[in-house]
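**Student:** Below is the sequence, then the predicted model.
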Amino acid sequence: MTEPADGPGQILFSADDVAALQSHLKSILESVPDGMIVIDETGRILAFSKAAEALFGYEAEEIIGRNVRQLMAGRDETNHDQYISNYLQTGERQIIGVGRVVTARRSDGTLFTIDLKIGEAKIGDHWLFTAFVRDLTEQRRAEMRMREMQSELVHFSRLSAVGTMASALAHELNQPLTAVANYLEAGRDILDSPGAEKRELLREALDEGARQAVRAGDIVRKLRGYVSRGEIDARSVELGPLLIDAAALARLSMSSKDVPVTLNVASNVGNVLADPIQVQQVVINLVRNAQEALSASPSPKIRINAERRDKGLIEVSVCDNGAGLDEEVKKSLFKPFTTSKSGGMGLGLSICQTIVEAHGGTICADLAPDGGTCFRFTLRTDPAINAG
Ligand code: ADP
């Protein structure tokens, strides 16, 4: 290499230098511990490191020349070309030099979470961008386990609150129900007794009994109002990214055995009216149940689909190719405390049903085409965004 006469900052290379640089780049691509991907300003992949091959499941030769979008998911996949052209036009950095945690897609369609850092270089009139990719699956799994333990604590404290509430409710209801029983018995005795005034007494006993029954109904209504008050914070949300995040979260919290999860969101799905955290909770519950149903399966698979149905509804389905539903469980699938698992609480599906119905949807289960189980639930589309 030589410094040119017209000043520092520019370096001229001899043919030998170029060959040496190429073999240096090759050795970097072979040995860099993170996935390293070089793209040009159209998003075309120019170089793909050994570690990237292992992460994404592509050979360098098959992916070089393709658009880097192929390795992305959700909004990033749709908008990546736009990101580059915005940057080239405005020079505004969104991710370059900052880094971000995003969802990536392997060659088999499964999703995983990565930490992405991007560097840039200008060669003549053209830009090159180099992405460094680190797989966060393990780190996320540990974080998720931590969060799970916390949420289990909250869950148990909630359960004890439910227990307290149930005994308070039993106490509250006991009084009007005993009164109803007493008035009915008194009514029966009056019917058996002689006397002209019994018609009036009977009317009083029945009136009083009815009043007490209404009071019992009021108590139940108030309690339901209390339980559901302010729980759903529905707003317009894009369903695709919401499902991608939920699938990634569910996979992260899975046990050691990796079950491939594929996600297919029809292009006309758009926005739904939903409380995103709660809907994600439903999907996570269903994916976890599917994973548990697949523990003995030789080639386990989970598929999440979202498609449009009529009457402004979107149907989300979570299907597995597992053993199918237990006949006994099927009879009261969505009822609390229905479980076939020794350590199961049998609350997951009843909570899913509460959340889906609070969103104005329905949930059901049927036989999957390949023999497992499909859980399907509906959500309402946002008419402001999905006109027609
Ligand atoms: P839990 O998982 O604690 O048992 P759930 O309410 O989530 O509680 O599930 C209730 C029962 O429904 C499970 O015990 C299981 O028998 C059955 N079930 C749920 N999902 C599936 C599935 N994908 N395949 C087969 N059975 C399932």
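**Tutor:** Noted; the coordinates are in hand.

**Student:** Could you double-check that residue 286 sits in contact with residue 320?
**Tutor:** No - shown here, residue 286 and residue 320 do not form a contact pair, counting by Cβ atoms under 8 Å, at 9.2 Å. Placement of C-beta: from N, CA and C, glycine included.

**Student:** OK, contacts around the residue lying closest to residue 363 once chain neighbours are set aside?
**Tutor:** Spatial nearest neighbour of residue 363, excluding adjacent residues (Cβ to Cβ, 6 or more residues apart in numbering): residue 377 at 4.0 Å. Each residue near residue 377 by Cβ atoms under 8 Å, 6 or more residues apart in numbering is listed here: 282, 315, 316, 352, 356, 361, 362, 363, 364.

**Student:** ok, now residue 360?
**Tutor:** Neighbouring residues of residue 360 by Cβ under 8 Å, 6+ apart: 273, 380.

**Student:** hmm, try it at 7 Å
**Tutor:** residue 380 (Cβ atoms under 7 Å, 6 or more residues apart in numbering).

**Student:** Kindly report the same for residue 103.
**Tutor:** 73, 74, 111, 113, 244, 248.

**Student:** Disregarding flanking residues, what is the spatial nearest neighbour of the fourth one?
**Tutor:** Excluding the flanking residues, the one nearest residue 113 by Cβ to Cβ, 6+ apart is residue 136, at 4.5 Å.

**Student:** which residues of the stretch 101-250 of the chain fall in helices?
**Tutor:** All helices of the stretch 101-250 of the chain, identified by DSSP state H, counting those that start in this stretch, fall at 137-192, 198-228, 239-252.

**Student:** tell me, which of the ones you listed is the model least confident about?
**Tutor:** Mean pLDDT is lowest for helix 137-192 among the helices of the stretch 101-250 of the chain, at a mean of 74.

**Student:** residues from the stretch 151-300 of the chain in reach of the ligand?
**Tutor:** The stretch 151-300 of the chain has residues 285, 289, 290, 293 near the ligand, with proximity defined as Cβ under 6 Å from any ligand atom.

**Student:** Sitting in helices, which of these do you find?
**Tutor:** Among these, DSSP state H puts 285, 289, 290, 293 in helices.

**Student:** now, which of these sits nearest residue 126?
**Tutor:** Nearest to residue 126 among these, counting by Cβ to Cβ, is residue 290 at 46.8 Å.

**Student:** residues contacting the closest one?
**Tutor:** 302, 318, 320, 322.

**Student:** For it, give me the pLDDT.
**Tutor:** Per-residue pLDDT puts residue 290 at 93.

**Student:** so how far is residue 22 from it?
**Tutor:** Distance of residue 290 to residue 22, computed by Cβ to Cβ, to the nearest Å: 48 Å.

**Student:** likewise residue 383?
**Tutor:** Distance, residue 383 to residue 22, by Cβ to Cβ: 57 Å.

**Student:** same deal with residue 249?
**Tutor:** From residue 249 to residue 22 the distance is 42 Å (Cβ to Cβ).

**Student:** So between the two, which is more surrounded?
**Tutor:** residue 249 (18 against 10; other Cβ atoms under 10 Å).

**Student:** pull the CA atoms of stretch 242-254 into CSV?
**Tutor:** What follows is stretch 242-254 as a C-alpha-only set of coordinates in CSV (Å, rounded to 0.1, in the frame of the first residue of the first chain):
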residue,chain,number,x,y,z
LEU,A,242,-48.0,-8.3,17.3
LEU,A,243,-48.1,-12.0,16.3
ILE,A,244,-44.4,-12.0,15.4
ASP,A,245,-43.6,-10.7,18.8
ALA,A,246,-45.9,-13.2,20.6
ALA,A,247,-44.5,-16.1,18.6
ALA,A,248,-40.9,-15.0,19.5
LEU,A,249,-41.9,-14.6,23.2
ALA,A,250,-43.6,-18.0,23.3
ARG,A,251,-40.6,-19.7,21.6
LEU,A,252,-38.2,-18.0,24.0
SER,A,253,-40.0,-19.4,27.0
MET,A,254,-40.2,-22.9,25.6
